[in-house]
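A.B. asks: model this:
(3 chains)
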Amino acid sequence: MENKTLGISNVFTAGLWRENPILRLLLGMCPTLAVTTAVKPALTMGLSVIFVLLCSNIVVSLMRKLLKPHLRILMFTLAIATFVTIADLFLKAFQPEMSTVLGPYIPLIIVNCIIICRAEACASKNGLFVSIIDAIGMGIGFTVVLCILGGIRELLATGRIFDIPVMWQSFVPLAAMRMPVGAFITLGLILGLVNLITTKKS
Amino acid sequence: MDKIYVLLMAFISIVIVNNLVFTKFLGICPYLGVSGRIDMAFGMGMAVTFVVTLAGTLTWLIDHFVLMPYGLEVTRYICYILVIAGAVQLVEMYLRKFFPLLYESFGIFLPLITTNCAILGLCLFINLWGIDNFIETVVLSFGAGIGFTLAICIMAGIRESLKIADVPDSLKGAPITLITAGLLTLAFMGFAGMIK
Amino acid sequence: MLKAIIEYIEKSWLLVVSAFIFGLLIAVTNAAWQPKITQNKIAKLDSLMNALIADAEFELILSDVPVELGRGKTAKSNIYKATANDGSCAGFCFGAEGSGFADKIELVIAVDSEFKTIKGYSVLSSNETPGFGDRIVEDYFRNQFIGAPAAVLNLTKKGDETKIDDQIIAISGATVSSTAVVDIFNNYLEQIRAKLIAEGKLADGK
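C.D. replies: Numbers count the residues shown, from 1 in each chain, chains lettered A, B, ... in the order given. Have a look, this model is predicted:
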């Protein structure tokens, strides 16, 4: 029994650090870079990905025994596209402002490698419970990194977090952080830092 | 004359000014993964150009002649991704049968392309920009592929030189590639404002 | 033959069934949320137009008006008529677009009831460079347009920003974006006025 709970917590924490989709597997780069101009869009994006990942993992896990090998990917894509459409409609209806900011990057979740990778690597092989835990772990790992990146960029580009000024008076905003160059360089440095930490540990 | 000018401007804008990789962050995954060698990068770029031209044109046609007249816009994303997956399959089968040589050179990239953001992204951007001209759609789709090839080849060239550069240990691999990409986007920003 | 059909069904029944279920799922969510989405769009446009012309009701009078953008490009614009509380015409609003520094700039422009002075503009969407071009949304630039004559506007680099006339002072460091906004005005004002006169919605004031 104890062994089993250990296994579950292992699955959960894998997504947070050991197999973090962005920091370790380098998956889902395009939303990571595009939507992290501020914390709020980053958080919205992260929550949408958690929703789609959770739903697709549940569906795939439920019908994993019925799947035919050559129609597998098609089924995954169909399920993912459906849930992405629902997420997109939800944002348009209840968060219209965020919907315009994120624009085409919400439908682009369909081709986000994280989701199809988890469906293939975890949900099509494991039971419902493990798949749900895996989806939540991976989703939170993705969202946290997105928010950190968004936070750094928003802080340096405007001196605010969630539109609340936090920097000192004479702080000069670095407009470049909101441009593509800020996204690439911040993520590059974060990845470098992660590499440094892991090599130090081992 | 005006018409040709418009098309030319659309082409230049999508290849250089609004390059999908540098300004919209699309297709970053292969950009980081494959672009280690120039010949591989070029093969990948050509495969993407081929599929994106086909997919962009097909999705535009479906959008304008099936989805919009019947008010089925809500299923747009599903249709797009199915068209792209289908186009990739078709291209793969066609190449294997009729151009085995070509298939050998870039066929291995084809299955990867379905999940390349640049392709779905371009279809979505064509819809977002409200392009309602068929020829412009074809030009934009083709240009997007060329732009992707350009970006991935420049990157591959830089990475070949990076191999002999003295990079700090923790920055080796993906981090330095991202930082280089950041500097490249700065360079490409110089082209902005060129198109009026 | 029959065997082949059975084999096909065996292989693909899951796909067909799930496609049907997913389709149903989307149809239901769409039916539930579509009214809210439409309402959101109208509310956003209304609030933008209300910021330009206060205390007025807006009514769509002409939709999909073709406007030449030069070089063979055309765009479509919707024209709204603003009716003040006492029933008189308070002005007109219309959507306008043009290419800016990086991407398309979309504006909502308001003019007075006689189409003689500009009542201002709001930015519907733009993707201009942060810190430079995106300052077209700021008041100090936008205020130069409020009260300016609805005729050909000129862009200059230096001058008095508070003086209201047909001289618009460019944002320093963002000449291209400033030019784009002025060009949009010059493109649209004349064509929209001509269209309104042609449709008999505006008495020819000249």
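
A.B. asks: contacting residues around the residue nearest in space to the middle of chain A?
C.D. replies: Using C-alpha atoms, centre = their mean, the residue of chain A that lies closest to the mean C-alpha position is A:Phe142, 3.3 Å off. Taking C-beta atoms under 8 Å, 6 or more residues apart in numbering or on different chains, we find A:Phe142 in contact with A:Gly15, A:Asn20, A:Pro21, A:Ile22, A:Gly28, A:Gly46, A:Val49, A:Ile50, A:Ile114. Any C-beta I mention is one placed from the backbone N, CA and C, and that applies to glycine too.

A.B. asks: chain C contacts on chain B?
C.D. replies: Residues of chain B lying near chain C by C-beta under 8 Å from any C-beta of the partner chain: B:2-3, B:5-6, B:9, B:17-18, B:23, B:74-75, B:78, B:129, B:189, B:192-193, B:195-196.

A.B. asks: so which of the contacts of A:Phe142 comes closest to C:Ser126?
C.D. replies: C:Ser126 lies nearest to A:Gly46 out of the contacts of A:Phe142, by C-beta to C-beta, at 25.7 Å.

A.B. asks: the closest one contacts A:Gly141, doesn't it?
C.D. replies: No - between A:Gly46 and A:Gly141 there is no contact, the gap being 9.7 Å when judged by C-beta atoms under 8 Å.

A.B. asks: residue 129: what's it in contact with?
C.D. replies: Answering for chain A, as no chain was given. Per C-beta under 8 Å, 6+ apart, neighbours of A:Phe129: A:Ile8.

A.B. asks: nope, chain B
C.D. replies: For B:Trp129, counting by C-beta under 8 Å, 6+ apart, the contacting residues are C:Lys104.

A.B. asks: list phi and psi for it.
C.D. replies: phi -70, psi -10 (degrees, to the nearest 10).

A.B. asks: from chain A, how far out is it?
C.D. replies: Distance from B:Trp129 to chain A, counting by C-beta to the nearest C-beta, to the nearest Å: 10 Å.

A.B. asks: and that residue, how far from C:Asp103?
C.D. replies: 9 Å (C-beta to C-beta, to the nearest Å).

A.B. asks: which residue is the nearest non-sequential neighbour of B:Ile78?
C.D. replies: A:Ala81 (4.4 Å; C-beta to C-beta, 6 or more residues apart in numbering or on different chains).

A.B. asks: and that neighbour, which helix or strand is it part of?
C.D. replies: A:Ala81 is part of helix A:72-94 when elements are defined by DSSP states H and E.

A.B. asks: remind me what that helix packs against, helices and strands.
C.D. replies: helix A:39-62, helix A:96-102, helix A:113-118, helix B:76-98, helix C:2-52 (3 or more C-beta pairs under 8 Å, 6 or more residues apart in numbering or on different chains; DSSP states H and E).

A.B. asks: again, 6 Å this time
C.D. replies: Applying 3 or more C-beta pairs under 6 Å, 6 or more residues apart in numbering or on different chains; DSSP states H and E, one finds that helix A:72-94 contacts helix A:39-62, helix A:96-102, helix B:76-98, helix C:2-52.

A.B. asks: and among those helices, the most buried is which?
C.D. replies: Comparing these by mean neighbour count (mean count of other C-beta atoms under 10 Å in any protein chain shown), helix A:39-62 ranks first with a mean of 22.

A.B. asks: what score does A:Ile3 have for pLDDT?
C.D. replies: Just to correct that, residue A:3 is Asn rather than Ile. At A:Asn3, the model reports a pLDDT of 53.

A.B. asks: tally of neighbours for the closest residue to B:Leu124 other than its chain neighbours?
C.D. replies: Nearest residue to B:Leu124, sequence neighbours excluded (C-beta to C-beta, 6+ apart): A:Pro104, at 4.0 Å. Residues contacting A:Pro104 under the criterion other C-beta atoms under 10 Å in any protein chain shown number 19.

A.B. asks: residue contacts, the most centrally placed residue in chain C?
C.D. replies: With distances taken as C-alpha atoms, centre = their mean, the residue of chain C nearest its centroid is C:Gly95 (3.2 Å). Contact partners of C:Gly95, counting by C-beta atoms under 6 Å, 6 or more residues apart in numbering or on different chains, are C:Ser77, C:Asn78, C:Val108.
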